[in-house]
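>>> This is a predicted model, with the sequence first.
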Amino acid sequence: MSVLSAIPFLKPAQLRCAASSPSRQRRHTLPASEFRCLTPEDAISVFEIEREAFISVSGDCPLQMDQVRHFLNLCPELSLGWFEEGRLVAFIIGSLWDQEKLTQDALTLHKPEGTTVHIHVLAVHRTFRQQGKGSILMWRYLQYLRCLPYARRAMLMCEDFLIPFYSKCGFKVLGPSEVTVGPLTFIEMQYPVQGHAFMRRNSGW
């Protein structure tokens with residue numbers, strides 16, 4: 001599954017019908033709200049949002065531009081973007097990991113045989129913050145992971161002040177992470193994916 005959309009695209013017959021009635025014409029053909037996996041073509045928009053979100057807080061980005069492209073080329077199916085009228089407003093980028101704990105290598109490597117989804121970054125565009133979009137996107141992402149047969153759990157590292165946010169999303173604290181980035185230290189958190197019930201048919205997916 002590579003495209004997850006909150007509003008389905010119109011079929012060709014529906015488009016012709018809409019075009020024949022001026023009162024029903026849309027000003028554009030882009031969906032008002034769309035969720036889909038990212039592509040390498042989205043890398044610039046991704047990095048612009050990430051840079052603004054993290055540089056001002058920690059002075060560094062979880063993923064540099066070359067790393068964004070790296071993961072979007074290797075495992076785009078483990079990413080998810082939220083687009084409003086074609087504009088990226090929030091995103092998640094993940095990769096696979098094959099060890100019990102995250103190590104320094106987990107920051108740059110994708111392990112295709114792994115069963116742990118390492119969530120590298122979740123970021124929301126500055127003009128769309130404080131609207132609950134981060135929580136909604138994470139919920140959709142975790143629901144999506146339940147449909148991937150190889151995904152057994154999701155893991156992430158975060159600073160202390162973000163623990164309440166991820167706890168509300170269902171993550172549990174595992175303890176201090178072995179990974180450090182400069183002076184920054186992190187807490188490792190986990191979300192069990194395997195064993196959860198699949199999404200209901202009327203969930204809108």
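Received, thanks. Numbering: from 1, shown residues only.
>>> only C-alpha atoms for contact and neighbour calcs from this point on.
OK.
>>> my guess is Gln104 contacts Phe186, does it?
No: under the criterion of Cα atoms under 8 Å, Gln104 makes no contact with Phe186, lying 12.0 Å away.
>>> More neighbours: those two, which one.
Higher neighbour count among Gln104 and Phe186: Phe186, with 17 against 12, using other Cα atoms under 10 Å.
>>> Contacts only, for the more buried one.
Listed by Cα atoms under 8 Å, 6 or more residues apart in numbering, the contact set of Phe186 reads Met157, Cys158, Glu159, Asp160, Pro176, Ser177, Val179, Thr180.
>>> Skipping adjacent residues, who's closest to the last one in space?
Taking Cα to Cα, 6 or more residues apart in numbering, and ignoring the residues beside it in sequence, Thr180 has Phe186 as its nearest neighbour in space, at 6.9 Å.
>>> pLDDT wise, what is the one you found at?
As predicted, Phe186 sits at a pLDDT of 96.
>>> ok, it to Leu88 distance?
27 Å (Cα to Cα, to the nearest Å).
>>> re earlier: so how far is Thr103 from the residue nearest to Thr180?
From Phe186 to Thr103 the distance is 12 Å (Cα to Cα).
>>> Overlap in contacts, these two.
Residues touching both Phe186 and Thr103 (Cα under 8 Å, 6+ apart) are Val179.
>>> which residues does Met157 bridge with?
On the basis of DSSP bridges, Met157 is bridged to Glu188.
>>> follow-up on the earlier one: shared neighbours, Gln104 and Phe186?
Val179, Thr180.
>>> which ones are touching the most centrally placed residue in the chain?
Central residue of the chain (Cα atoms, centre = their mean): Ile92, 2.0 Å from the mean position. Applying Cα under 8 Å, 6+ apart, one finds that Ile92 lies in contact with Ser79, Leu80, Gly81, Ile119, His120, Val121, Leu122, Ala123, Leu137, Met138, Tyr141.
>>> what about it, which helix or strand?
For Ile92, the element it lies in under DSSP states H and E is strand 87-97.
>>> Show me which residues of that strand are buried.
Leu88, Val89, Ala90, Phe91, Ile92, Ile93, Gly94, Ser95, Leu96, Trp97 (16 or more other Cα atoms under 10 Å).
>>> And what about the nearest residue to the fourth one once chain neighbours are set aside, helix, strand or coil?
In other words, Phe91. Spatial nearest neighbour of Phe91, chain neighbours left out: Gly81 (4.2 Å); criterion: Cα to Cα, 6+ apart. At Gly81 the chain is in strand, as set by DSSP: H, G, I helix; E, B strand; the rest coil.
>>> who's in contact with Gly81?
Per Cα under 8 Å, 6+ apart, neighbours of Gly81: Phe35, Arg36, Cys37, Leu38, Leu88, Val89, Ala90, Phe91, Ile92.
>>> quick check, the first one in a strand?
Going back to what we said before, that points to Phe35. Yes: assessed by three-state DSSP, Phe35 belongs to a strand.
>>> returning to that earlier point: work out for me the element the residue lying closest to the residue nearest to the centre of the chain once chain neighbours are set aside sits within.
Nearest non-adjacent residue to Ile92, counting by Cα to Cα, 6+ apart: Leu122, 4.5 Å away. Per DSSP H and E, Leu122 falls inside strand 116-124.
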